[in-house]
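Participant: generate coordinates for the sequence data below:
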Amino acid sequence: MIRCMSNQKPMRFSTRLMQVMTPIGLIIGLEEAWRLAGGLVAIIAAQVALTSLAAWALVRRLREERNP
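Facilitator: Have a look, this model is predicted:
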């Protein structure tokens, strides 16, 4: 029997957990990158910032198009 994804309940706890754990993991990862690579962490931080900006812009555009 194949279950459709639309029949499942939303996972509220895991969504909140990821919203908290992702920034914490990112900060820990940047600290470790600083310890291992020194100044190259600036490139990693810039890449993370650019990716976050692109994701934010995409979500914003999708929400605008969904609610005219």
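
Participant: thought residue 34 was touching residue 41?
Facilitator: Yes: look at residue 34 against residue 41 with C-beta atoms under 8 Å: they come within range, at 4.5 Å. To be clear about C-beta, it is placed using only N, CA and C from the backbone, and glycine gets the same treatment.

Participant: what's around residue 26, how many residues?
Facilitator: 14 (other C-beta atoms under 10 Å).

Participant: got a pLDDT number for it?
Facilitator: What the model reports as pLDDT for residue 26 is 92.

Participant: cool, and residue 1?
Facilitator: Per the predicted model, pLDDT is 45 at residue 1.

Participant: how close does the residue nearest to the spatial centre of the chain get to residue 56?
Facilitator: Centroid-nearest residue in the chain: residue 22, 6.6 Å away (criterion: C-alpha atoms, centre = their mean). From residue 22 over to residue 56 the distance is 14 Å, taken as C-beta to C-beta, to the nearest Å.

Participant: residue 32 now?
Facilitator: Relative to residue 56, and taking C-beta to C-beta, residue 32 is found at 25 Å.

Participant: likewise residue 35?
Facilitator: Taking C-beta to C-beta, one finds residue 35 at 29 Å from residue 56.

Participant: need phi/psi at residue 67.
Facilitator: phi -120, psi 90 (degrees, to the nearest 10).

Participant: pLDDT weak spots in this structure?
Facilitator: The chain contains residues with pLDDT under 70 at 1-11.
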